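# make a model of this:
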Amino acid sequence: MHCARTQVCEQNGIRGWLSGFSMRAENSLEFRLLLNWIQSSRHRSIGEKVEAILGSRALDWERLAKIARKQGITTLVYYSLRQTSNRFISSEIVDRLHHAAQNIATCNLLHLQELLRLLTLLESQDIAVIPIKGATLAAIVYGDLAVRQFSDLDLLVRRADFLKAKEILEKEGYSPVTPPVCLRASQEKADIPRNGECTLFHPERQIYLDLHWRLLAGMQFALPKIAEERWDCWQRRQPIALAGKTVNTLGWEDLLLYLCFHGAKDLWWQLKWIADIAELVSVAPIDWECLMERSRSLGCHRMVLLGLFLAGNLLGATYPLEIEAAIESDRLLIFFANQVDRWMGQERDPWEQNVSWLAVFRWQFLLLDRWSDRWRYCWAYLQSFVRPTVTDLKFISLPQRLYFLYFFIRPLRIVGKLVVRSEGSR
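Predicted coordinates:
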């Protein structure tokens, strides 16, 4: 079905009652400068705001560099800084950011070289691959591999090719960081991970690689497999030129949808992910009607609206009037935005802070559109409390005939962790 493209309004950010929403993180002078710097490449008028903040004596450059590093936007800051008058910026800060940006660019280049090598290898074995995020996102959205920071590789293969691709990668020196959860230790090698991906690591090259057979899935937080099969992003993949090689990547709408799901799954705690949304909608010919239709059929409509709202509220991304109306109609977005604000304002990312499992559960439960998906999520969450993991298998080694005891050991270990954590917080 063909969907007509809609006209994007010349409007800076979200209008209506949500336009008055302000995140507490923006109260920080340093955070506000970072937001304006990221916007400056798309909104030239932002330059005056940057100049005003730079002239403030209260600006803490050490804190700014720390926030940029945590939010994954050091390179974005540096390249924006180069376009700004530096009369307020010490040469020491410029040199430090320049050095950090050079290191990131070198790391990006090494990852790009490895990506191209692995794509050639897998394709020679008749395995179709779609690289996602990383180098392809930097190339098609930012137009410069050095601007967007990335630290791993993400490859999507079809489910039928997953085990073959994993075997090839293991022969190349990659090994699973955490072997997939399985029902029997002896099944580990033949198991296709339930969460749709397997993380591998190459110790010599110091490269992490996520091999996916599903995109819209996590350990418990996932959309129905049958819905993702109907989505079939393979049909809409688009070829792009990457360092002289033609590679496939997700179609524009599928890429935006995946980025919104990924951000929602990982709690949107990095500003880099929100910047990706803002940059993507500014450069890509998004078919908004098809995007909305696809997100509703998959059950991730609220996740897409949240990603668009955050990009509009924080980074001035613009959308058609009907998209703004859809965002305005979902009043629960304020709850999610407040949570993002809380996590962004912390010194470390929420996972390092051992964020409350109840907070994560509520966040992910409410983000799912359909009640059927919410009940499925609850069931998966309950199973995670008893289903043995590799950590449980390493905790105590039991003979095969006593394997059933792991289903009792895991709940006891979880309860023990919760008790220790509650004692430590007193």
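# from here on, contacts and neighbour counts on C-alpha atoms
Noted.
# can you point out the helix or strand that includes the residue nearest to Glu253 when sequence neighbours are not counted?
Nearest residue to Glu253, sequence neighbours excluded (CA to CA, 6 or more residues apart in numbering): Leu291, at 5.6 Å. Following DSSP states H and E, the helix or strand that holds Leu291 is helix 288-298.
# and that helix, how far out from the chain's middle?
In terms of CA atoms, centre = their mean, to the nearest Å, the centre of helix 288-298 is found 20 Å from the chain centre.
# can you spell out which helices and strands pack onto the helix or strand following it?
Scanning the chain past helix 288-298 towards its C-terminal end, the next helix or strand to appear is helix 301-315 (assignment: DSSP H and E). Packing partners of helix 301-315 (3 or more CA pairs under 8 Å, 6 or more residues apart in numbering; DSSP states H and E): helix 29-40, helix 252-265, helix 271-283, helix 288-298, helix 321-329, helix 333-344.
# Provide the contact partners of helix 301-315 at residue level.
The set of residues external to helix 301-315 that reach it, using CA atoms under 8 Å, 6 or more residues apart in numbering, is 12-14, 19, 21, 35-36, 38-39, 257, 260-261, 263-264, 274-275, 277-278, 292, 295, 317-318, 326-327, 330, 333, 336-337, 367-369.
# let's have the helices and strands packed on helix 301-315 in TSV, adding mean pLDDT and mean neighbour count.
As requested, those are exported to TSV (pLDDT from 0 to 100; neighbours: other CA atoms under 10 Å):
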stretch	mean pLDDT	mean neighbour count
helix 29-40	81	21
helix 252-265	94	22
helix 271-283	93	21
helix 288-298	93	18
helix 321-329	91	17
helix 333-344	87	18
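# closest one to Leu156 among those helices?
The closest of these to Leu156 is helix 252-265. By CA to CA, the value is 12.2 Å.
# tell me which stretches of this structure form strands.
Shown for the chain, the strands assigned by DSSP state E span residues 130-131, 152-156, 175-176, 197-202, 207-212, 238-242, 245-249.
# with distance to Arg96 added, can I get the helices and strands packed on helix 301-315 in CSV?
As requested, the helices and strands packed on helix 301-315 are arranged in CSV below (distance: least, CA to CA, whole Å):
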stretch, distance to Arg96
helix 29-40, 16
helix 252-265, 29
helix 271-283, 20
helix 288-298, 41
helix 321-329, 40
helix 333-344, 24
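# quick one, which of these is nearest to Ala217?
Among those, the nearest to Ala217 by CA to CA is helix 252-265 (8.6 Å).
# now for that closest one, which elements pack on it?
By contact count (3+ CA pairs under 8 Å, 6+ apart), the secondary structure elements abutting helix 252-265 are helix 271-283, helix 288-298, helix 301-315, helix 357-367.
# go again using 7 Å as the cut-off
If you count contacts as 3 or more CA pairs under 7 Å, 6 or more residues apart in numbering; DSSP states H and E, helix 252-265 packs onto helix 301-315.
# return the distance of the helix it packs on from the chain's centre.
Remark: helix 301-315 is offset 13 Å from the chain centroid, using CA atoms, centre = their mean.
# now do stretch 212-231
15 Å.
# for it, which positions count as buried?
212-224, 228, 231 (16 or more other CA atoms under 10 Å).
# what's the closest of these to Arg69?
Within the buried residues of stretch 212-231, distances to Arg69 taken as CA to CA reach their minimum at Gly218, with 25.7 Å.
# tell me the contacts of that closest one?
By CA atoms under 7 Å, 6 or more residues apart in numbering, the residues touching Gly218 are Asn195, Gly196.
# could you measure it against Gly72, distance?
Gly218 sits 22 Å away from Gly72, taking CA to CA, to the nearest Å as the criterion.
# equivalent analysis for Thr106, please.
Taking CA to CA as the measure, Thr106 falls 16 Å from Gly72.
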